[in-house]
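Q: give the three-dimensional model of this entry:
(chains A and B)
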There are 2 protein chains.
Amino acid sequence: EVALQKPCADSKPSNKSKGGKFVLKCPKGMRDYTPDQMAVRELVFDKIKKCFKKHGAVQIDTPVMELKEILTGKYGEDSKLIYELEDQGGEILALRYDLTVPFARYVAMKKIKNIKRYQIARVYRRDNPAMTKGRYREFYQCDIDFAGEYERMLTDTECVKLVCDILQELDMNNFTVKVNHRKILDGIFEHCGVPEDNFRPICSAVDKLDKESWEDVKKEMVETKGLDPAVADKIGVLVQKKGQFDLIEELEKSDLGENKSAAAGLSDMRLLLEYCELFGCLDKVSFDLSLARGLDYYTGTIYEAVLAPDAKGENVGSVAGGGRYDELVGMFAPKGRSIPCVGVSIGIERLFTIMEKKLQECRTSSIQVLVASGQKGLLKERMKLLNMLWDNDINAEMLYKANPKLLTQFQHAETERIPLVAIIGESELQEGKVKLRDTATKEEKLVDRASFVEEARSLLLNCGS
Amino acid sequence: EVALQKPCADSKPSNKSKGGKFVLKCPKGMRDYTPDQMAVRELVFDKIKKCFKKHGAVQIDTPVMELKEILTGKYGEDSKLIYELEDQGGEILALRYDLTVPFARYVAMKKIKNIKRYQIARVYRRDNPAMTKGRYREFYQCDIDFAGEYERMLTDTECVKLVCDILQELDMNNFTVKVNHRKILDGIFEHCGVPEDNFRPICSAVDKLDKESWEDVKKEMVETKGLDPAVADKIGVLVQKKGQFDLIEELEKSDLGENKSAAAGLSDMRLLLEYCELFGCLDKVSFDLSLARGLDYYTGTIYEAVLAPDAKGENVGSVAGGGRYDELVGMFAPKGRSIPCVGVSIGIERLFTIMEKKLQECRTSSIQVLVASGQKGLLKERMKLLNMLWDNDINAEMLYKANPKLLTQFQHAETERIPLVAIIGESELQEGKVKLRDTATKEEKLVDRASFVEEARSLLLNCGS
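A: Numbering: from 1, shown residues only, chains lettered A, B, ... in the order given. Just a heads-up that it's a prediction; the model follows:
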């Protein structure tokens, strides 16, 4: 009998290897995907790929490793989380930390002028894993990026539209895409009197506003990062604002509007909101000054999509994030010639977790017909019938036993939700017939062997399989 | 203008990183996949997955890393090719070398009694790369394995059938699946007088018969492995035989037939051939005594599929291989309780190379409609039209320029083979119309804006896109 998995309820297995006793496990922070999880994963990937293709993106892939120097100096203090390989007498290699830096390396190396590309691949971080919260050391990222010199804000808006498309495709309709602009944040810092070399540290503090109170964030600014409390208060009033066109107008009319950087950012934001309106997704977008994003390399628009708390009030947090990074390719390109880029990364592991809960009924077996017999000695006859189905591109199997009981075979069809059972016995063989049994209704139908494949096909249509 | 890739003809790029000068490249023996290559890869994967699903296999995935001790003692002298990670104060990890050992670890760890599983994933070998020959340090493996106690030879035959299915699905119809049995080889060695501790080394020598002459193989047996030349000659006569039922009969009637191990193997082979006949693939199968397979862990049937030399006489060699390994899971299982396994690995990188040559015309862009205008100031109108297409699940794009020339847009549609262009100008807007242009025939049709999505859809059906 073929079943998917029959784990016993035993305790942890352990075993002796040549080197002594060891526990049978995956590396810390990593996991196997079971067939059920893979079925969910494939479904989510297919839906996301469909959206990417709708926007004309092409797919690339890069090695799981990069020369260590490619990754050096790109991730700030997170660099300590990079997995390094042993130098075995060759190059010094490290596992990729994200897909953005390898993409920038790819664009620079191949001297690409423009590309809309997506990439779905695993990345590696030696972080403290919190597997129950879906935080792993090995996890998928799913990125789309637009590289090239384009008309202002068009591709930025398309990133927002794509996030909306993907979440709606996954039936997650209750979400907000927060948008902000690095130039507005820099304008605010300048306007409020933050010294320029403290812009990025203060920006990182602002980024924590989605998890911490303003009081805690202010404390970090003042106590850890040495900011004047009065300056922090001025920032606090501004970064807690959110809105849409109304907020843009308010800020443009305020003193901040005279700051050159802020004014440029606000003009971009207006265009972004206008374009979102054209794309029918303005209702999902919130211009939110508290959004800052952790990474240093963003230079313009930034986004983050958050799901509304679920029925139990549980907050899954951010499910997509990204922004514009116009200088990263230049770090690799000869003569530092850069290519403007904007992109968004889908937080696929969180989406898997949500979809796994939704799709607990997701069927993993693809089998449409089980070939069965209740009589002994018909193994070869079952194989012949099975082969007829395979040769007609129908997904089929039989139990790998010489003489299984008919009841066992019916039970297997029910457990595995195989819609149809094709049954043969001596009498069917003599008369050139096959009996087709609908697993759900238990209805049986005797059909000619010559037309049995076609009969099965049309019954399968009715089974909705 | 959005194009896929525009590599210039410049020489190698190099750049200064913070640490000094370095060449912009992938790690040795590894490569990026371009959009064209990814399109081929996806196509091949889809066809293979279709075959796996036809046989009811479910998919799993495992981490790219394993605890080093899991891999220790499984690969013989190839262990030196394993990539090890730096010990950064935690577990000692290594990158997976194949998918078979992680699968055995998975089955043992989850105490699975039976499973038909497939896995498509990258593996890592610090081998001397020969990238022009398609030999990389990072490459895909594509494995299907049957674990469980089943009726003799059923799953073994299904592996052969699957290989035939897959190669035929890929339109590679000119191939042979060589089959042999470790028990027959062991019987031959015993019968000819090879000392038992020399079975595996002599087996490795036999395995080279597909690349080397018998003289060279004999030399290795005698000079390197210390075999009596008379014993080697007796082996030589036997292992150069191939056939089908005829060969089985010949061997059974010969002295070898009295060897217990050989007799058991020959009985298995007869059943395998009989079952292959039932599955309609006997004409592809050759019982070939020179097939030995490198890996130590095989215990029964072994296979290898080879393509016939192509039109230029070029030999791509083996495109699939596998066998029965009944003891491997037991190396991990508590109390050493093993689960019989048989499986086959598709040599996907070689298939990619062949398919890339065949499919040079493979289209990478999925775009069905390009939204265009020849007049200035219609950016927002183009966006509105684009959004109508997206919202109706039609793959569409526009050039990311405010005022591109109409000719540039037509050229883009031709280059990217976008079947349809939707054109608007002031007059179309005023009259509530859209002009649809077939890129291939250049025929144009003016349609109502209200029905333009439906019109586009029906024209796309005719374009065959």
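
Q: surely residue A:226 is in a helix?
A: No: read with DSSP: H, G, I helix; E, B strand; the rest coil, residue A:226 is coil and lies in no helix.

Q: the closest residue to chain B within the stretch 301-450 of chain A in helix, strand or coil?
A: In the stretch 301-450 of chain A, the residue that lies nearest chain B is residue A:400 (3.5 Å; Cβ to the nearest Cβ). Every C-beta, even on glycine, is put in place using the N, C-alpha and C of the backbone. Three-state call for residue A:400 (three-state DSSP): coil.

Q: the residue nearest to residue A:378 when sequence neighbours are not counted: how many residues sit nearby?
A: Distances taken as Cβ to Cβ, 6 or more residues apart in numbering or on different chains put residue A:424 closest to residue A:378, at 6.4 Å, once the chain neighbours are dropped. Look at residue A:424: counted by other Cβ atoms under 10 Å in any protein chain shown, it has 22 neighbours.

Q: my guess is residue A:424 contacts residue A:436, does it?
A: No: between residue A:424 and residue A:436 no contact is recorded; they are 10.7 Å apart, counting by Cβ atoms under 8 Å.

Q: OK, contacts around residue A:422?
A: Shown in contact with residue A:422 (Cβ atoms under 8 Å, 6 or more residues apart in numbering or on different chains): A:369-372, A:385, A:389, A:396, A:434-437, A:452, A:456.

Q: contacts with chain B among the residues you listed, please.
A: residue A:396 (Cβ under 8 Å from any Cβ of the partner chain).

Q: dump the contacts of residue A:422 to CSV, plus secondary structure, neighbour count and pLDDT.
A: Shown next, in CSV, are these (DSSP: H, G, I helix; E, B strand; the rest coil; neighbours: other Cβ atoms under 10 Å in any protein chain shown; pLDDT from 0 to 100):
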residue, secondary structure, neighbour count, pLDDT
A:369, strand, 29, 97
A:370, strand, 27, 97
A:371, strand, 25, 97
A:372, strand, 26, 97
A:385, helix, 26, 96
A:389, helix, 24, 96
A:396, strand, 24, 96
A:434, strand, 24, 97
A:435, strand, 18, 97
A:436, strand, 20, 97
A:437, strand, 20, 97
A:452, helix, 24, 95
A:456, helix, 23, 96
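
Q: ok, the contacts of residue A:422 vs residue B:32, which is closest?
A: The nearest member of the contacts of residue A:422 to residue B:32, counting by Cβ to Cβ, is residue A:396 at 39.4 Å.

Q: quick check: closest non-adjacent residue to the closest one.
A: In this structure, residue A:396 finds its nearest non-sequential neighbour in residue A:389, 3.8 Å apart by Cβ to Cβ, 6+ apart.

Q: same thing with residue A:65?
A: Residue A:65 sits nearest to residue A:93 (Cβ to Cβ, 6+ apart), 4.5 Å away.

Q: pLDDT on stretch A:281-300, on average?
A: Mean pLDDT, stretch A:281-300: 92.

Q: so how far is the first residue of that stretch from its last?
A: From its first residue to its last, stretch A:281-300 covers 20 Å (Cα to Cα, to the nearest Å).

Q: again, but for stretch A:218-235
A: 9 Å.

Q: chain center to it, what's the gap?
A: Per Cα atoms, centre = their mean, to the nearest Å, the displacement of stretch A:218-235 from the mean C-alpha position of its chain is 36 Å.

Q: apart from its neighbours in sequence, what residue is nearest residue A:208?
A: Nearest to residue A:208 is residue A:217, by Cβ to Cβ, 6+ apart, at 5.6 Å.

Q: let me know the pLDDT of the residue nearest the centre of chain A.
A: Central residue of chain A (Cα atoms, centre = their mean): residue A:348, 2.0 Å from the mean position. With respect to pLDDT, residue A:348 scores 90.

Q: so what's it up against?
A: Counted by Cβ under 8 Å, 6+ apart, residue A:348 has contacts A:44, A:48, A:120, A:139, A:140, A:141, A:142.

Q: and the two most separated of those?
A: So, the contacts of residue A:348 by Cβ to Cβ: farthest apart are A:48 and A:139, at 15.1 Å.

Q: ok, back up a step: give the buried residues for the strand or helix carrying the residue nearest to residue A:208.
A: Counting by DSSP states H and E, the element that carries residue A:217 is helix A:214-219. Judged by neighbour count (16 or more other Cβ atoms under 10 Å in any protein chain shown), helix A:214-219 contains these buried residues: A:214, A:217, A:218, A:219.

Q: packing partners of that helix?
A: helix A:229-239 (3 or more Cβ pairs under 8 Å, 6 or more residues apart in numbering or on different chains; DSSP states H and E).

Q: what's the helix it packs on in contact with?
A: Residues contacting helix A:229-239 (Cβ under 8 Å, 6+ apart): A:185, A:188-189, A:191-194, A:202, A:206, A:209, A:214, A:217-218, A:221-222, A:256, A:289-290, A:292.

Q: tell me where the model's unsure across the stretch 251-400 of chain A.
A: A:361-364 (pLDDT under 70).

Q: which phi and psi does residue A:152 have?
A: When read as degrees, to the nearest 10, the backbone of residue A:152 gives phi -50, psi 130.

Q: and it, how far from residue B:402?
A: Going from residue A:152 to residue B:402 by Cβ to Cβ, to the nearest Å gives 9 Å.

Q: one more: residue A:240?
A: As defined by Cβ to Cβ, residue A:240 lies at a distance of 36 Å from residue B:402.

Q: before we move on, what about residue A:342?
A: 17 Å.

Q: between the two, which one's more packed in?
A: A count of neighbours by other Cβ under 10 Å puts residue A:342 above the other of residue A:342 and residue B:402, at 28 against 14.

Q: just give me the neighbour total for the closest residue to that one other than its chain neighbours.
A: Among residues not flanking residue A:342 along the chain, residue A:324 sits closest, at 4.2 Å (Cβ to Cβ, 6+ apart). Residues within reach of residue A:324, counting by other Cβ under 10 Å, total 25.

Q: same question, residue A:426
A: 12.

Q: need phi/psi at the residue nearest to residue A:65.
A: phi -120, psi 160.

Q: could you do residue A:66 as well?
A: phi -130, psi 160.

Q: for the nearest residue to residue A:80 once chain neighbours are set aside, what is the enclosing helix or strand?
A: Closest residue to residue A:80 apart from its sequence neighbours, by Cβ to Cβ, 6+ apart: residue A:126 at 7.6 Å. Assigned by DSSP H and E, residue A:126 falls within no helix or strand.

Q: same question for residue A:275.
A: Using DSSP H and E, residue A:275 falls in helix A:260-278.

Q: now that helix against helix A:229-239, angle please.
A: Orientation check (axes from the mean of the first three to the mean of the last three Cα atoms, to 10 degrees): helix A:260-278 against helix A:229-239 gives 20 degrees.

Q: packing partners of helix A:260-278?
A: Against helix A:260-278 (3+ Cβ pairs under 8 Å, 6+ apart) you get helix A:154-169, strand A:175-181, helix A:182-192, helix A:245-253, strand A:285-288, helix B:379-391.

Q: possible to save these as JSON lines with distance to residue B:357?
A: Shown next, in JSON lines, are these (distance: least, Cβ to Cβ, whole Å):
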{"stretch": "helix A:154-169", "distance to residue B:357": "34"}
{"stretch": "strand A:175-181", "distance to residue B:357": "44"}
{"stretch": "helix A:182-192", "distance to residue B:357": "46"}
{"stretch": "helix A:245-253", "distance to residue B:357": "55"}
{"stretch": "strand A:285-288", "distance to residue B:357": "47"}
{"stretch": "helix B:379-391", "distance to residue B:357": "35"}
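
Q: re the thing from before, now the contacts of residue A:348 as CSV including secondary structure, distance to chain B and neighbour count?
A: Output for the contacts of residue A:348, formatted as CSV (DSSP: H, G, I helix; E, B strand; the rest coil; distance: Cβ to the nearest Cβ, whole Å; neighbours: other Cβ atoms under 10 Å in any protein chain shown):
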residue, secondary structure, distance to chain B, neighbour count
A:44, helix, 14, 23
A:48, helix, 14, 22
A:120, strand, 10, 18
A:139, strand, 10, 21
A:140, strand, 10, 19
A:141, strand, 14, 19
A:142, strand, 15, 23
